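**Student:** need a structure here:
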Amino acid sequence: MDTCFIYCRKSSEDKERQILSLNDQENTCSELAKDKGLIVLGVYKESKSAKRPDKRPEFKALISRIANGEANRVVCWKADRLCRNAKEGGGLIDKVDYEGLKIVTPTMDYDRNNSTFLFIEFGMATKFSKDLSDNVKRGMNTKLQMGWKPGKAPIGYLNDPIKPKGQKEVLPDPDRFDLCRKWWELMISGKESVLSSLEKITAMGLRSTRTGKPISHAEAFRFFRRIFYTGLFDYKGERYQGKHKPMITIAEYNRVQEIIDGRKKVIQNSNNFYFMKLLKCGECGSSITCEQHSKRYKNGTFQTFVYARCTKKSGNCSQPYLNAEKLEKQVVEYVAGLEISQGLVDWIRENLKRRNEKEFEFERVQKGKLTRRLDAILTEKKNVYGMKIEGLISEEEYQNEKKRLINEETQIKGGIVSDGIGVWTKTMEEALAFASKLTLLFETAKEDPIARRMILKILGSNLELKDKKVRITAKKLFVFFKQVEKSQNGEIDWLEPKNGLITWDNQSFPPVHSHMERVKGIEPSSPVWKTGALTVELHPLLKNTPTLSHLSG
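**Tutor:** Predicted structure coming up:
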């Protein structure tokens, strides 16, 4: 009696085609072997795809035993169960043609006489695998372009249960999204580790989507590494912008990575005075920090004193300590010294109104000239093109002249659409409103060190502490306001403004220079006023008042 092997295979892509289960295939093949009078020496079953060669251990073992001559027949439910790729298919057909192998199925027995049909069977199976792969890739690309990450959504999100496969969106999990956000907040605070935060969030009720059990340590670390929670996602080495609802910001994600990797120690500063991170030592250039000292009296009471001092990180420094209250007094006097009266604000606005009327007329005339130049450039472009067609100039000369005209045209168009006077006027309006409320803003921000730092950065630069005196170089704009105010009060002689266009370099008022020396060491010397925009977002306190959105920081 002849011997045989039974081979059964089922892969994931066969689910949609309702392929028989492995046990059903084995039962069918066993009955077929019995009917054919074959002795079964072994049954090989595996759930693997056959579209790529050398990926199936059971199939390799089967071929090895056939090569050893243990049997010359393979019973399977269908020929495409054996392979779906050219390499393994060709090897089997070679064994059928030259080594006497026979493949037995319920519908046909394949041997040397009809091995051509195996080419057809294996070819169709290979073609199906390729088409399936192409369709899957096409579907994946479409999904990626739409902003949806293929595959199962991570914890905190769910795949849309209603839409069909390939079109499922990623939605927030109503039971876990807020808990996951809370988990991120625990880590962002800098007070928790991954494991301690896991313990707390588990106590709050967060459980695995897959198992319903508490999240494992390994999964907790993977959770905080997923860029998916920022609204982005990675797929096959590329990063995409997702359409799912972000759980955190990129800045929050980066902060957690730094905490986990230990690159950044989170320091909780109990001394968060506004002059820290702002003032520099006038002697060595190191930062100014603060210290608290407590003095206990005989009656049992004690008093706490705060001192500003140099950190001395640049080496030896002879600068002494300064009581924070005295430092505060100097800074408050500096701020108050730059505040201007509402009367001056009204006076400057009235002058600006008259000046702007002339400037707008001047700008209208200038833009008219630019418009006429644009028309001339169009004519020149036509003439140059005609000269090229007639052969009067070479291609190189034509391209050079065309490039010159296009560059000039672009510059002129930019000049026409620009609104230099409008920008300048808006900046001045905001500066006036800010300068007239300095004391109020600084006092309102008494409990907000960030807002106070921003006010001082707007007002001046080169903020130093030396010999127990605060030195701040006032911005030229605020020095200018004070000089105008002094002239209005008769403190200095006033010069008539010269005619001319209002620009940053040619003010409509005369340039003035003053050290504006004040008591307690405030010395805003060499004022500087530069054009540009603030590079930091204004503090909420300042957003509630007119801001200096175009004033140099």
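**Student:** And Thr107, how close does it get to Gln319?
**Tutor:** Noted for Thr107: a distance of 97 Å to Gln319, by CB to CB, to the nearest Å. (C-beta placed from N, C-alpha, C; glycine too.)
**Student:** An error on my part: the question was meant for Thr3.
**Tutor:** From Thr3 across to Gln319, the span is 98 Å (CB to CB).
**Student:** quick one, which of Thr107 and Gln319 is more surrounded?
**Tutor:** Per other CB atoms under 10 Å, whichever of Thr107 and Gln319 has more neighbours is Gln319, with 19 against 7.
**Student:** right, and the more buried one touches Cys310 too?
**Tutor:** Yes. Using CB atoms under 8 Å, Gln319 is in contact with Cys310, at 4.8 Å.
**Student:** overlap in contacts of those two?
**Tutor:** The contact sets of Gln319 and Cys310 overlap at Cys281, Glu283, Cys284, Leu465 (CB atoms under 8 Å, 6 or more residues apart in numbering).
**Student:** What mean pLDDT does the lengthiest helix in the chain get?
**Tutor:** When the chain is parsed with DSSP state H, its longest helix is helix 342-389. The pLDDT scores in helix 342-389 average 77.
**Student:** The helix or strand following that helix packs against which elements?
**Tutor:** Next in sequence after helix 342-389, counting helices and strands by DSSP states H and E, comes helix 395-417. Where contact means 3 or more CB pairs under 8 Å, 6 or more residues apart in numbering; DSSP states H and E, helix 395-417 is packed against helix 342-389.
**Student:** how distant is the helix it packs on from the center of its chain?
**Tutor:** Relative to its chain's centre, helix 342-389 lies at 40 Å (CA atoms, centre = their mean, to the nearest Å).
**Student:** and the angle from it to helix 395-417?
**Tutor:** Calculated by axes from the mean of the first three to the mean of the last three CA atoms, to 10 degrees, helix 342-389 forms an angle of 160 degrees with helix 395-417.
**Student:** who does helix 342-389 touch, helix- and strand-wise?
**Tutor:** Checked by 3+ CB pairs under 8 Å, 6+ apart, helix 342-389 has helix 395-417, helix 420-435, helix 476-488 packed alongside it.
**Student:** For Cys8, give me its contacts.
**Tutor:** Cys8 sits next to Leu22, Gln25, Glu26, Cys29, Val43, Tyr44, Lys45, Glu46, Cys76, Trp77, Arg81 when contact means CB under 8 Å, 6+ apart.
**Student:** Quick check: which element contains it?
**Tutor:** Assigned by DSSP H and E, Cys8 falls within strand 3-9.
**Student:** And the next helix or strand past that strand?
**Tutor:** Downstream of strand 3-9, the next assigned helix or strand under DSSP H and E is helix 22-36.
**Student:** Would you mark the buried spots in that following helix?
**Tutor:** Across helix 22-36, burial judged by 16 or more other CB atoms under 10 Å covers Leu22, Gln25, Glu26, Thr28, Cys29, Leu32, Ala33.
**Student:** with those residues in mind, which one is nearest to Ala433?
**Tutor:** Comparing those against Ala433 with CB to CB places Leu22 closest, at 79.5 Å.
**Student:** Would you quantify the distance from the residue nearest the centre of the chain to Glu325?
**Tutor:** The residue lying closest to the centre of the chain (CA atoms, centre = their mean) is Ile250, at 4.9 Å. Distance, Ile250 to Glu325, using CB to CB: 41 Å.
**Student:** and the nearest residue to Phe223 once chain neighbours are set aside, which of the three is it?
**Tutor:** For Phe223, ignoring the flanking residues on the chain, the nearest one in space by CB to CB, 6 or more residues apart in numbering is Ile155 at 6.7 Å. Three-state call for Ile155 (DSSP: H, G, I helix; E, B strand; the rest coil): coil.
**Student:** Confirm Trp77 sits in a strand?
**Tutor:** No. Under three-state DSSP, Trp77 sits outside any strand and is assigned coil.
**Student:** Thought Thr107 was touching it, still the case?
**Tutor:** No. Using CB under 8 Å, Trp77 is not in contact with Thr107; the gap is 9.6 Å.
**Student:** Could you count how many residues lie near Thr289?
**Tutor:** 19.
**Student:** before we move on, what about Gly212?
**Tutor:** Here the number of neighbours of Gly212 (other CB under 10 Å) works out to 7.
**Student:** likewise Ala203?
**Tutor:** Using other CB under 10 Å, Ala203 has 9 neighbouring residues.
**Student:** Quick check: it vs Lys165, distance?
**Tutor:** Ala203 is 37 Å from Lys165, where distance means CB to CB.
**Student:** what does Glu447 give?
**Tutor:** For Glu447, the distance to Lys165 (CB to CB) stands at 56 Å.
**Student:** And stretch 308-318, what's buried?
**Tutor:** For stretch 308-318, the neighbour count (16+ other CB under 10 Å) marks Ala308, Arg309, Cys310, Lys312, Cys317 as buried.
**Student:** likewise stretch 273-290?
**Tutor:** By 16+ other CB under 10 Å, the buried positions in stretch 273-290 come out as 273-276, 278-284, 286-290.
**Student:** cool, and stretch 242-253?
**Tutor:** Within stretch 242-253, the residues that count as buried by 16+ other CB under 10 Å are Gly242, His244, Met247, Ile248, Glu252, Tyr253.
**Student:** So the last one sits against Gly231, correct?
**Tutor:** I take that to be Tyr253. No. Using CB under 8 Å, Tyr253 is not in contact with Gly231, being 9.9 Å away.
**Student:** Which residue ranges make up each domain of the protein?
**Tutor:** What the record gives for the chain is the domain set 3-132, 157-261, 342-423, from automatic domain parsing.
**Student:** what's the offset of the first one from the middle of its chain?
**Tutor:** If you compare the mean C-alpha spot of domain 3-132 with that of the full chain, they lie 52 Å apart, counting by CA atoms, centre = their mean.
**Student:** Can you give the strand pairings for the host helix or strand of Lys45, parallel or anti for each?
**Tutor:** Lys45 is located in strand 39-46, with elements delineated by DSSP H and E. Take DSSP bridges as the rule and strand 39-46 pairs in its sheet with strand 3-9 (parallel).
**Student:** Show me what counts as buried in the strand it pairs with.
**Tutor:** Of the residues in strand 3-9, Cys4, Phe5, Ile6, Tyr7, Cys8, Arg9 count as buried by neighbour count, 16+ other CB under 10 Å.
**Student:** Dig out what the last one forms beta bridges with.
**Tutor:** Put plainly, it is Arg9. Applying DSSP bridges to Arg9 gives these bridge partners: Glu46.
**Student:** which of the domains of the chain sits most buried?
**Tutor:** Of all the domains of the chain, domain 3-132 has the most neighbours on average by mean count of other CB atoms under 10 Å, namely a mean of 17.
**Student:** Can you give me the pLDDT of the closest residue to Gly205 other than its chain neighbours?
**Tutor:** Excluding the flanking residues, the one nearest Gly205 by CB to CB, 6+ apart is Leu179, at 6.6 Å. Note on Leu179: pLDDT of 94.
**Student:** least trustworthy helix or strand in the protein by mean pLDDT?
**Tutor:** Across the helices and strands of the chain, mean confidence by mean pLDDT, DSSP states H and E is lowest for helix 540-543: a mean of 46.
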